[in-house]
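Student: sequence first, predicted coordinates after that:
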Amino acid sequence: MYFEELKQNLIGLVKESQIKLGYSDTSCNLYYPAEALNHLLGTELPIPQLETALQEFGTYAAEELGIVAFSRKGELFCLTVPKEGAAYVHEHVENNGFLEAFIDCMRDGHCTIEEVLAVFHRFSNHVTVEKSDNEEFDYLIYFTDGVPDNYRYCLHEEFGHMIYHRFTPREFETFAF
């Protein structure tokens, strides 16, 4: 199981939330369908075994994030990073500047693809851009060499607004857009 990948995903989501909303000395709830957790863990576990794996993960991540708890409603899991974990992310996870600049660009949703690409190119000359022909998103953008960020950014223009989703490379590959 890829516990480290799930931990890094949680850290990335907490950091993204802190950039968007500011740091708060509170716990952070993050929601994952069972399928997404299985993708991140590299497993195909049924719900009962996934719950056992998440209990083990809670202990695995404890040193940095505190005990990550979870609850479930049907196929949807809520992973709770305690306030100690939010503080760890705030104090120890360095902001490389890219995510903050990207979120600033996307903040009101009225940005153009050219403005988004300018942000990527400000941080690297190694940017991959793919125009998509599927219904899920219009553009796939990522740093080819994974620096400063290894996420896959899927952008979609909807009713005159640009929206995005970030995926780890494994999530992106597994979802097979």
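Tutor: Sure, I can see it.
Student: what's the lowest-mean-pLDDT helix or strand in the chain packed up against?
Tutor: Within the chain, no helix or strand scores below helix 169-175, which has a mean of 78 by mean pLDDT, DSSP states H and E. If contacts are counted by 3 or more CB pairs under 8 Å, 6 or more residues apart in numbering; DSSP states H and E, helix 169-175 sits against helix 34-41, strand 152-158. C-betas here are computed from N, CA, C, even on glycine.
Student: switch those over to a markdown table; also include mean neighbour count and mean pLDDT.
Tutor: As requested, these are exported to a markdown table (neighbours: other CB atoms under 10 Å; pLDDT from 0 to 100):
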| stretch | mean neighbour count | mean pLDDT |
| --- | --- | --- |
| helix 34-41 | 19 | 91 |
| strand 152-158 | 18 | 92 |
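Student: how about these, which one is nearest Arg166?
Tutor: Relative to Arg166, the nearest member of the helices and strands packed on helix 169-175 by CB to CB is strand 152-158, separated by 5.8 Å.
Student: by contact count, what packs against the closest one?
Tutor: Using 3+ CB pairs under 8 Å, 6+ apart, strand 152-158 sits against helix 113-123, strand 139-143, strand 161-167, helix 169-175.
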